[in-house]
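Engineer: got a structure for you, letters missing:
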């Protein structure tokens, strides 16, 4: 009998990188204030540090180095003032990242690799706004999962 296990989709390092991105993105946003406020100087970030950040995100999310075009695009965006949380959000909205999530759901819930049409369908749904949780619900509510889980209501509930 197959038992589905919900597994985190991000490594601890990836979660830390994204959390850091959110904190830095929020902290770098200008605060609205009626009275002038003394501000601390913001440290200058070098191109090397920006490319290091992008490389870390790629390592955490994809387990690989960024391709030269991606590294250049994201580093240039950061240098132009794009917040890190926006960059991290754009990377996690990529087909590459979402394909990994979908492939993991196929493996975890159905015990197999996705077929090309199924992968394209899930990618299209996610591009249209489907959340990760909604995708996972779609898998666990599918007739195929029901069969993998034993084909009866009792075994489906136990898995």
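Structural biologist: Cool, got the structure. On a predicted model such as this, the values are computed, not experimentally measured, just so you know.
Engineer: residues contacting residue 103?
Structural biologist: Contact analysis of residue 103 by C-beta atoms under 8 Å, 6 or more residues apart in numbering lists 113, 114, 119. (Glycine included, C-beta is placed from N, CA and C.)
Engineer: can you tell me the closest non-neighbouring residue to the first one?
Structural biologist: So that's residue 113. residue 106 (6.1 Å; C-beta to C-beta, 6 or more residues apart in numbering).
Engineer: name the SS class of the one you found, please.
Structural biologist: helix (DSSP: H, G, I helix; E, B strand; the rest coil).
Engineer: report whether the expected contact of it with residue 114 is present.
Structural biologist: Yes: counting by C-beta atoms under 8 Å, residue 106 touches residue 114, with 4.4 Å between them.
Engineer: give me the element residue 70 is part of.
Structural biologist: helix 68-79 (DSSP states H and E).
Engineer: other SSEs contacting the following helix or strand past that helix?
Structural biologist: For helix 68-79, the following helix or strand on the C-terminal side (DSSP H and E) is helix 84-92. The contact analysis (3 or more C-beta pairs under 8 Å, 6 or more residues apart in numbering; DSSP states H and E) places helix 84-92 against helix 12-27, helix 47-62, helix 68-79.
Engineer: just the buried positions in the shortest one, please.
Structural biologist: Of all the residues in helix 68-79, those buried under the rule 16 or more other C-beta atoms under 10 Å are 71, 74, 75, 77, 78.
Engineer: now do the contacts for the residue lying closest to residue 140 once chain neighbours are set aside.
Structural biologist: The spatially closest residue to residue 140, leaving aside those adjacent along the chain, is residue 109, at 6.2 Å (C-beta to C-beta, 6+ apart). Listed by C-beta under 8 Å, 6+ apart, the contact set of residue 109 reads 4, 136, 139, 140, 142, 145, 148.
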